[in-house]
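> the sequence and its predicted three-dimensional model are supplied below.
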Amino acid sequence: MFQNLLDRFVAAVGRHDSAGLAALFTEDGLYDDYFFGVHQGRPEIAAMLDRFHVGGEQFVWEFLEPVCDGRLGYARYCFSYLSREPESAGQPVVFEGMSRFQLRDGQIARYSEVFDRAVAFTQLGYAPERVVKLMGRYTRGFRDEAAVQSHLARRDSIAATWRR
């Protein structure tokens, strides 16, 4: 079942089937894209995929080594496309990452991912100053997340247990 969902996911992205991708999500589904941010609800998810196709074309997404317990699924991936960015038009951009799927009733309730954004930005031909600026913005956002703040609040007490 999970593999079928992954196959439909990549086919929708590759075909620029925005409605088809959005239909894989629950009505209140959330897609947390590592470039474009959080999009909630099917209309926003469909619009986000449309944004993909402004900056690129010929998207190929391969999910590898998927695991799923019916409620939570993970898959490593390799993702590539041809850039439409002025600095790199026509050039392939490729990177690998990890996807997390929270599932409800066979649909995606929440999708999130992690990958090395700098690997993608440098392939896009962005100037080093632009890459540093973008990475700084993402770093600030990451450090502001509740889970990160909670971890940092516990950090000293956790580290102290290893020094005993």
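Thanks, I have the structure now.

> show me where the protein has helices.
Per DSSP state H, the chain carries helices over the ranges 2-15, 18-23, 42-55, 117-123, 128-144, 146-163.

> and the third one, how far out from the chain's middle?
The one in question is helix 42-55. For helix 42-55, the separation from the chain centroid amounts to 13 Å (computed by CA atoms, centre = their mean, to the nearest Å).

> what of stretch 138-150?
Averaged C-alpha coordinates place stretch 138-150 at 17 Å from its chain's average position (CA atoms, centre = their mean).

> can you tell me what sits against it?
By CB atoms under 8 Å, 6 or more residues apart in numbering, the surrounding residues in contact with stretch 138-150 are residue 117. Where you see a C-beta, it was placed from the backbone N, CA and C, and this is true even at glycine.

> that older thread, tell me the most buried of the helices of the chain?
Highest mean neighbour count of the helices of the chain: helix 18-23, a mean of 19 (counted as mean count of other CB atoms under 10 Å).

> care to break the protein down by domain?
2-126, 128-164 (automatic domain parsing).

> span of the first one from start to end?
Counting by CA to CA, to the nearest Å, the length from the leading to the trailing residue of domain 2-126 is 36 Å.

> quick one: average pLDDT of it?
For domain 2-126, the mean per-residue pLDDT is 96.

> now do the residue nearest to residue 23 when sequence neighbours are not counted against residue 111, distance only.
Of all residues not flanking residue 23 in the chain, residue 42 sits nearest, at 7.0 Å (CB to CB, 6 or more residues apart in numbering). When distance is defined by CB to CB, to the nearest Å, residue 42 is 13 Å away from residue 111.

> overlap of the contact sets of those two?
Residues touching both residue 42 and residue 111 (CB under 8 Å, 6+ apart): 25, 29.

> can you pull the contacts of residue 73?
Taking CB under 8 Å, 6+ apart, one finds 2, 5, 66, 67, 100, 101, 103 in contact with residue 73.

> ok, now residue 48?
The contact partners of residue 48, by CB under 8 Å, 6+ apart, come to 31, 33, 36, 39.

> what is the neighbour count of the third one?
Meaning residue 36. Using other CB atoms under 10 Å, residue 36 is surrounded by 14 other residues.

> so it sits right up against residue 51, yeah?
Yes: counting by CB atoms under 8 Å, residue 36 touches residue 51, with 5.9 Å between them.

> and the contacts of stretch 23-31?
Against stretch 23-31 from outside (CB under 8 Å, 6+ apart): 5, 8-9, 12, 22, 38-42, 44-45, 48, 104-105, 107-111.
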